[in-house]
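Asker: attaching a predicted model along with its sequence, questions to come.
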Amino acid sequence: MQQGGSGGGDRKYGLRLGEWLRSKNERSKLKLGTASNALTSTPSGVGVNTPSQVHGNTPNPSGQQSQSHGPNQSNNVRPPSPASNNIMQASAPPGATLPGSGASTAWSGLEQALRALRISKHIYPPLGLALDDLTSHLPKFEAAARNRQDYDDLAIELKGMAELIERQLDAMISEESKRAIVSLSETIRAELKSVEGRQSQSGTRRVLDSSEEDEDIIRRYRRVEQLFRQLQGEASLSTWCTTNKYYMNTQLEGLRPARLARYDSSLSMEIGRRTCTENTRTKILQDSMKWSEDPNSAKIYWMNGMAGTGKTTIVYSLATILEARKQLAASFFCTRISPECREAKQIVPTIAYQLARRSAPFRHALCEALEEDPDIGFGRISSQFELLLKRPLVKIKDELPDNFVVVIDALDECNDPGIVEDFLDLLFRSVADLPIRFYVTSRPEPTIRDRMMAASECSRSILYLHEIERSLVQADIELYLREELAFMSPPDPDIKKLASHAGNLFIYAATAVRYIRPTKKGADSWTRLSVLLAINAESKQKLSGINDLYTAILSAAVDDQLEHHENARILDALWTVVCAYEPIRVSTLTALCGLENLDSIRTALQPLRSVLHVSDHSELVTTLHASFPDYVLDQERSGRFHCDKVAHGQYLAKRCFEIMQRQLRFNIGDIKSSYIPDDEIPEIKETICANISEELSYGYRFWIDHLTQTKLKPADILVNLVHEFLSHRLLFWMEVLSLKKWLTIGLTGMTKLNTWLAFLSPEDPSLLDFASDASKFIAAYATSPASTYTSHIYLSALPLSDPSNYVRSCYLPRFQGLLKVSGTLMNKLTQVSLTDWVTNDEFKLAALLPGSDLIALCSYSGIISVQNIYNGRHFVQPFETETTSVTYIGGSRNSTQVVFGTVKKLAVWNMHDGSFIAGVSVPVGNHFTSFAISVDGTHIACGLFDGGIGTLNLQDPTFEFRSLKGHTRRVQSIDFSPNGTRFVSRSEDDTIRIWDVFTGDVLLVLNDIQGPKAARFLPDGTHIITAPGSSRGSIRVWDISNASYFEQHFHDKTVVSSVAVSPNAHETCIAVVLKSSDYRAFEIRNIYTWKLIAGPFKGHDIIIQYIAFSDDGARVVSTAGGCSVRVWDAHGRTTEGSSKAPVTRHLNAELGLITSPDQKK
C-alpha cells in the first residue's frame, strides 16, 4: 500500500472526488466498538462552547490536561508552526507503534498533512480550531489503534483528504459551503471534546476498562473520519455550486418538495412535536444510534407500534441527535393534518431535495440526473426512485459517509397505501446498493407489515415498540409525568397510579397532561387529576385505558351544568372535525355546524383541546392523535360520545348545501371579458381567493362525498336539496370548478351522485335524469376548448347543448341575449359523443377500469397506458409489459392494479409505477384462452385450452395458482359476479358452469348447445346472459336459481360481438353493435323487452372493437380502430336519423364564442 507523500497524493487523489485507497465497501468492514453510550457523545453545546486551544502539547500520561489558553484568548493564538511536527512523535504514549514502522509513518504523515492544512492562508477559523483539536488527539487515536492495520489505513485516507482540502480551499468557496464547513468543523470539535471528557472523568479513576475505552476512542475516530469525508465533499464541489447556483436551485425547486415534512418544520412546531423527556426512552435511542453507526447492520430499521406508543416523539428525538451529529440525510414526517405531508408520492422528491441540500456531491449528481428529465417530480414513483435517489447515490457512494440516515415517520398516515407499498418494494430492491440507511416508523398496518416481514432478515431490523417490557415503559412515563406536572408537584403515589393507568401508551400520559394542565383560565388542575385517578384501571381489555381516558375527558367537556344546546354544540364540533375529509379552519367548522359566530365554536373547542389540536396561527382544527377518531367512531368504545359517521355525513351534506346556497353566485370570479382565458386575467388568483371562502372551498368539493357515503335512503329533505341544487346552482358550481381547475373532480363527483341516485331509485325518476344530463353537460364543457374560459359556461356550452338536456331547458330561459341555436347543426351535435380523442400509439386492447373515469389501453408493442376517458390525459406514465402478445387487459376497482394476459402468462402490475406484483405461467402443453378479474381486484380466473380453469388470490402472499377441473374443451369466457363470490365460465363443450370463488366448487352446470361466445353476470347477480358472436341468433338470459332461461331474438342488423351490460339493476340493458353500419355504430336495448333505450350512436368511422358502461350506467365508452376513444350519453335520444362524422368545435378568439365550420343555425 502506498504511503501518503504529497506527490503520491497528487497522483492518487487527483482523478476523482472520493477515489481513495480503499473502497467504501472495504471500509465498511472495519470492526466498530460498542456504542452503548451513543447519546453521551453529543454534548448539549454542540457548535456553541469553545474548547481550549491546544498547541500540539503531548498529553500527560498522568491524566492532567495539556496547557491551554482560555476562551478569551483563542482568537489571538497563533497556528502551530511546521517546526513543531516532531513533538508528538517524540512523545508517543506507551504502547504506541514504535517510530520508524509503517504504521507510525502513516500517523506522522497524517499529522504533517493536518498541520499543512492548518497554516493555509485560506483556512476558516472554525476549521483551524478543529484541526488543532484533532492534531492534539492523534496520539490517543494511534495508541487505541495499535496493531490494527485497518485503522492505520484510515489514517492514510484521512491524510489524503486533508491534502485535497488544502488544494480546494484555494478556489472560491460558496457561502453555502462555508456554512457547511463551519458546521462540520464544530461537530468534529464536539466529538473530540467527548474523548477528552471521558478521559478526565473522576481524576485518575476510569469508568471503562482499558480495552473498552480504546474501542470507544476508535469509534469516535471513525466518526471524525466520516465527518472529514463530508467536509472534503463540500469543499471539492463548492466552485461548481457557486458557478451554477441559480440554475441548480431552479432544478431542485422543480422537485416540489414537501417542505412541511421536515422533522423541524414550522408545522412540527405548530402541532407540538417534541423530543423525549430527558432520561426517558434511552435504551431505544441508544440502540437506534448504535444501528446507525454499525456498517454491518441492516440498512432498514422499522420501528412499529400501535397508536399512542410514542413513535413520533422517539423518532423526533432521534432526528435531533442525528442532525447534531451531521448524520441526518433527510426526514419526512407524514401526517394526515397536512395535505403535502400525507402524499406518499412526495416522499422520494422530498428526500432527494433535502439530501441535495445536505451533500454537495449528491447535489451535483442529482442535478446531472435532472438534466435527463426535469419533470421527474411528476413521474411514476419507480422512475423517481431510480433517477432521484438510486442513480445519484450509487454514483457518489464512495464520497458519502456510511452512517447517513433518512428518517420517515408515520408511513401509515399517507393517503395512498398503493404508493406506500411501491415505495417499500423499491427500497428493499435497491437499499443494498445505496450508501445511506432508512429509519421507518409506522403502525403495523397490513400493507406495511406484510412488505416488511416478506423481506429477508439481513435487510431490515425491527423494533416492536408495544412489546417493550411494561416496567421500562412505566418508568419512562413516570419521569415524563413528573416533569410535565412539576408546576403542581403531585405526590409520588399519584404519579405512579396515573402511569399505571397509561400502561404502554405514551399518548395516554400526553393526553392526561393536556387535560390536567389546560390553557383555560380558572380550570382546577387538582380536580382534573382526581378525575383521572378515579378511573378503574383493572380492565383487561387492550384499549380500556385509553378508552377510559377519552371518556373521562369528554365527560368533563360535555358537562351537566351546561345548557343542552351548549353540549350539543360541543358534540357537533367534535364529530364534524372527526368526519371532515381534511383538516378544517375554525371558520369552516363554524359554517359546518350551522353557526355564524366564530366565538361560539372557539368556546365549544376549548374543553376539547386535550383531544383536538387548534393552531393558534392558522386556526386549523384536527384531531391530536389517530387513536381518537378510532375511539369516537366505535360505538362500543365511546358509548354516548359515539359519532355515527353515516348520519353525521348526511348532516354535513346538508350544511354544504346551505353554504353553497349562501355563497355561490353568478360570475363569482368577477370576469369582465369573455375574450381572455382565465389564466391571463390580471389578478384572477387574488379575486378567486377573496370570493371563494374557506367554507365554500370545503363545501363545493365534498358535498357529494358526504351525501353518498351511505346506501341508506335519506330523508326527503336531502333528495329535495339535490334537486334544488341542480335546478338553481349547478352552473355557479361549475364556475368554481372551472376557476379552481377542478372540473375533473366535478365529473368524478357526478358519477358518484348518479350511482347513488340509481341505487336509491327515487320516486321521481326525473331527478336521476337531471343528474345524468348534468354529468353530460359538465363533460361536454370540461373537454372542450371553452373550458379555459369560465364565462363560456353561459356563452357557449349552454346554448350549444342538446335541446333535450335538462340543464339547457332549465337554465337557458333565465338568460337573455344568448344565442338560441337549433336546426341542422344541433341535430348533428345531439348525435355525437360527449367527447372523443385519439391516442398516439395504436392499441389492440382496451378495458374501462371499474370505480373510476380511467381506461387501460394496450398497444401492439406491449405498452400499457392508463388514461382519463374524457380528455385522454395519462393517469400515470405508460409502462412496458416486455411482450407484444397480450390478449387480455383488465383492472381493479381501486385503480391500483392492471392485469394482462398472454397465451402463456398472466401478470399483475402496479398501475402507479408499472412494477411487477405477481404472475403465473401456463402449465406445460397448455395455453390461456380467457381471463377475468373480480370487481374488488382480489381474485383472477383464467380459462385454459384443455378446459381447465385456474384461479389466483392476490391477497395470498404465496400467489398460489389453483387449478379447477370441469370443462372438457376450450374455455371461451369467464366473468365474476357483482359481489365477487362466484364466477361463470363458458366452454366449447357447450356447457356453462357457475363456480364458488373461495372453495372452487361447481355450483351449477347449464347445457347450452347454442354455442355462445360470451357469458356475463347481470347486475342482480342471479341471472347471466349468453350471446353468440355472429350476426344471426339470439341472446339467452338464464335464471341460475332454477336453471331456466328465456330467449331474445335480434334482427339481422345487430351483432353481439361484445356484450356490454348496464350496471343499472332497475332496467337491465345491453349495448349491441349494428351490422347495418358496418359495425361502426351501436345502440342500447332492454334485455327483456328488446325496446330501444338509446341510440343509434354513430360517429366512429372504423369498426368498433370495444364497448363498456360506466359504473353509474350513465355513459358508454367505445373504442374503434385501435386509436379512437369516445364517451357517449347512455340516456341519449333514440333516433334512426343518419349522422355524419362529429362536428369539430373550436374557440373563435375574436368572437369569444364556440362556432362550427358549418355556420347553420
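Answerer: On my side now, so go ahead.

Asker: C-alpha only now, for contacts and for neighbours.
Answerer: Fine.

Asker: ramachandran angles for the closest residue in space to Q867 that isn't next to it in sequence?
Answerer: Computed as Cα to Cα, 6 or more residues apart in numbering, the closest residue to Q867 that is not its neighbour in sequence is H874, at 4.3 Å. H874 adopts backbone torsions of phi -70, psi 130, taken as degrees, to the nearest 10.

Asker: skipping its backbone neighbours, what lies nearest the residue nearest in space to the middle of the chain in space?
Answerer: Central residue of the chain (Cα atoms, centre = their mean): A344, 1.3 Å from the mean position. The shortest distance from A344 to any residue other than its chain neighbours is 5.5 Å, reached at C414 (Cα to Cα, 6+ apart).

Asker: isn't that neighbour right up against E343?
Answerer: Yes: contact criterion Cα atoms under 8 Å: C414 and E343 qualify, at 5.7 Å.

Asker: between the two, who's got more neighbours?
Answerer: Per other Cα atoms under 10 Å, whichever of C414 and E343 has more neighbours is C414, with 23 against 19.

Asker: tell me which residues touch the more buried one, please.
Answerer: C334, T335, R336, C341, R342, E343, A344, V420 (Cα atoms under 8 Å, 6 or more residues apart in numbering).

Asker: of these, which belong to strands?
Answerer: Assignment to strands by DSSP state E places none of those there.

Asker: before we move on, back to that, list the contacts for the residue nearest to the centre of the chain?
Answerer: Contacts of A344 were listed using Cα under 8 Å, 6+ apart, and they are C414, N415, D416, I419, V420.

Asker: could you do I684 as well?
Answerer: Contact analysis of I684 by Cα under 8 Å, 6+ apart lists G669, D678.

Asker: picking up where we left off before, list phi and psi for the residue nearest to A344.
Answerer: Phi and psi for C414, reported as degrees, to the nearest 10, are phi -70, psi 150.

Asker: before we move on, what about V1005?
Answerer: Main-chain dihedrals, V1005, degrees, to the nearest 10: phi -120, psi 130.

Asker: same question, V586
Answerer: Main-chain dihedrals, V586, degrees, to the nearest 10: phi -60, psi -40.

Asker: for L620, same thing?
Answerer: The phi/psi pair for L620 (degrees, to the nearest 10) is phi -80, psi 130.

Asker: what's the burial count for it?
Answerer: 17.

Asker: heads up, I number from 56, so please use that
Answerer: Sure, I'll start counting at 56 from here, so that last one is L675.

Asker: isn't it up against E637?
Answerer: No: between L675 and E637 there is no contact under Cα under 8 Å: 10.1 Å.

Asker: low-confidence ranges in the stretch 1006-1155 of the chain?
Answerer: Where the stretch 1006-1155 of the chain drops to pLDDT under 70, the residues are 1012-1014, 1065-1067, 1083-1088, 1105-1114, 1120-1122, 1129-1133.

Asker: can you give me the strands for it?
Answerer: Assigned by DSSP state E, counting those that start in this stretch, the stretch 1006-1155 of the chain shows strands spanning 1016-1019, 1026-1031, 1037-1042, 1046-1051, 1057-1062, 1069-1072, 1078-1082, 1089-1094, 1099-1104, 1109-1116, 1124-1129, 1137-1141, 1147-1152.

Asker: for the second one, output the C-alpha coordinates as PDB.
Answerer: These are the backbone C-alpha positions of strand 1026-1031, laid out as PDB (Å, rounded to 0.1, in the frame of the first residue of the first chain):
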ATOM      1  CA  VAL A1026     -62.900 -22.100 -22.100                       C
ATOM      2  CA  GLN A1027     -64.200 -19.200 -24.200                       C
ATOM      3  CA  SER A1028     -65.200 -16.700 -21.500                       C
ATOM      4  CA  ILE A1029     -65.100 -16.000 -17.700                       C
ATOM      5  CA  ASP A1030     -66.900 -13.300 -15.700                       C
ATOM      6  CA  PHE A1031     -67.200 -12.600 -12.000                       C
END
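
Asker: give me the sheet partners of it and which way each runs.
Answerer: Within its sheet, strand 1026-1031 is paired with strand 1037-1042 (antiparallel), according to DSSP bridges.

Asker: can you give me the angle the strand it pairs with makes with strand 1057-1062?
Answerer: 30 degrees (axes from the mean of the first three to the mean of the last three Cα atoms, to 10 degrees).

Asker: pull the residues that contact strand 1037-1042.
Answerer: For strand 1037-1042, the external contacting residues (Cα under 8 Å, 6+ apart) are 998, 1002, 1022-1032, 1047-1052, 1067-1072.

Asker: can you rerun that using 7 Å?
Answerer: For strand 1037-1042, contacts defined as Cα atoms under 7 Å, 6 or more residues apart in numbering pick out 1022, 1024-1032, 1047-1052, 1069-1070.

Asker: what's the angle from it to strand 1046-1051?
Answerer: 160 degrees.

Asker: pLDDT score assigned to the closest residue to A837 other than its chain neighbours?
Answerer: Computed as Cα to Cα, 6+ apart, the closest residue to A837 that is not its neighbour in sequence is L798, at 6.2 Å. L798 is assigned 88 on the pLDDT scale.

Asker: please apply the same query to Q401.
Answerer: Looking at Q401, its pLDDT is 92.

Asker: then R77?
Answerer: For R77, the model assigns a pLDDT of 35.

Asker: still on that earlier bit, now the strands of the stretch 1006-1155 of the chain in TSV, with distance to R664 and mean neighbour count?
Answerer: Listed next are those as TSV, based on distance: least, Cα to Cα, whole Å; neighbours: other Cα atoms under 10 Å:
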stretch	distance to R664	mean neighbour count
strand 1016-1019	53	15
strand 1026-1031	50	25
strand 1037-1042	50	27
strand 1046-1051	52	20
strand 1057-1062	57	15
strand 1069-1072	53	23
strand 1078-1082	55	22
strand 1089-1094	59	20
strand 1099-1104	64	13
strand 1109-1116	53	22
strand 1124-1129	55	25
strand 1137-1141	58	21
strand 1147-1152	57	21
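
Asker: what residues sit buried inside stretch 957-965?
Answerer: Residues T957, V958, K959, K960, L961, A962, V963, W964, N965 are the ones in stretch 957-965 that count as buried (16 or more other Cα atoms under 10 Å).

Asker: ah, wrong one, I meant stretch 773-783
Answerer: Neighbour counts over stretch 773-783 (16+ other Cα under 10 Å) mark L773, V774, V777, H778, F780, L781, S782 as buried.

Asker: now stretch 744-757
Answerer: With burial defined by 16+ other Cα under 10 Å, the residues of stretch 744-757 counted as buried are N746, I747, E749, E750, L751, S752, Y753, G754, Y755, R756, F757.

Asker: what is the nearest of these to R624?
Answerer: Relative to R624, the closest of the buried residues of stretch 744-757 is E750; by Cα to Cα it sits at 18.1 Å.

Asker: with adjacent residues omitted, what lies nearest to L785?
Answerer: Closest residue in space to L785, ignoring its immediate chain neighbours: A829 at 8.0 Å, by Cα to Cα, 6+ apart.

Asker: where are the low-confidence patches of the stretch 756-905 of the chain?
Answerer: Using pLDDT under 70, the flagged stretches of the stretch 756-905 of the chain are 766-771, 816-819, 872-888.

Asker: what ranges does it have for its strands?
Answerer: Ranges of strands in the stretch 756-905 of the chain, per DSSP E, counting those that start in this stretch, are 890-893, 898-903.

Asker: which one of the ones you listed is the most hemmed in?
Answerer: Mean neighbours per residue, mean count of other Cα atoms under 10 Å, is largest over these for strand 898-903, with a mean of 23.

Asker: parallel or antiparallel, list what pairs with it.
Answerer: When pairs are called by DSSP bridges, strand 898-903 turns out to pair with strand 909-914 (antiparallel).

Asker: buried residues, the strand it pairs with. List them.
Answerer: Quick answer for strand 909-914 (16+ other Cα under 10 Å): L909, I910, A911, L912, C913, S914.
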